[in-house]
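1. What follows is a predicted protein model with its sequence.
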Amino acid sequence: MEVHNAAPATTPDTPAEGFDLDPIELRVLGVLIEKAFVTPDAYPLSINAIVTGSNQLTAREPVMAISESEAQAAIDSLMARKLVSRRDQAGARVAKYEHLVRVRHSLPPPEQAVLATLMLRGAQTAGEIRQRCERLHRFDDIAAVESVLEHLAEKFPPMVATLPRAPGTKEIRHMHLLGGTALL
């Protein structure tokens, strides 16, 4: 298992609007978006649930080993960027957190699902996204996924980009831009 301790991305190519998230912030935010879909009864999430979701061995690329203190630091940073909020619930013994991506960036559920899948699993083809989003949102066909990807790419600033076709590959892949554009 890869242990990942990351410093914040700081490159001249990094766009504004909070799209310079480091790998731990990306993982935590991706987990919050994903779990809002797949475990609505347990959402918002405690820091313990966020750590567990971040360190899952399945449906994650790369696999990470994030500590509770790293997750809390990421939550604090995401709260400062207004991408996450603390949700105090009556009678709750622990703090719980929810993502604000849907509100801050006006993203309907299909776009949230695609973005979370890209954040948790890296660059993918439209077909892979369709298959891997099944638990979050069911797309009727690949054209529906491509439409969502196009809309996310047209936002200002763009949230998704199409990667150049790799030599020997048939399909193009797409990636999120929430960690900046340095990887393009």
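-> Sure thing, it's come through.
2. And the lengthiest helix in the chain, what does it pack against?
-> Determined from DSSP state H, the single longest helix within the chain is helix 23-38. Judged by 3 or more Cβ pairs under 8 Å, 6 or more residues apart in numbering; DSSP states H and E, helix 23-38 is in contact with strand 45-46, helix 47-54, helix 68-80, strand 84-87, strand 96-99, helix 109-121. (Each C-beta comes from the backbone N, C-alpha and C, glycine too.)
3. Adding mean pLDDT, mean neighbour count and distance to Q131, write those out as CSV.
-> Shown next, in CSV, are the helices and strands packed on helix 23-38 (pLDDT from 0 to 100; neighbours: other Cβ atoms under 10 Å; distance: least, Cβ to Cβ, whole Å):
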stretch, mean pLDDT, mean neighbour count, distance to Q131
strand 45-46, 96, 20, 25
helix 47-54, 98, 20, 20
helix 68-80, 98, 17, 28
strand 84-87, 96, 16, 28
strand 96-99, 97, 21, 23
helix 109-121, 98, 23, 10
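4. I'd like those as a markdown table, with distance to A144 appended.
-> Shown next, in a markdown table, are these (distance: least, Cβ to Cβ, whole Å):
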| stretch | distance to A144 |
| --- | --- |
| strand 45-46 | 28 |
| helix 47-54 | 26 |
| helix 68-80 | 29 |
| strand 84-87 | 28 |
| strand 96-99 | 23 |
| helix 109-121 | 7 |
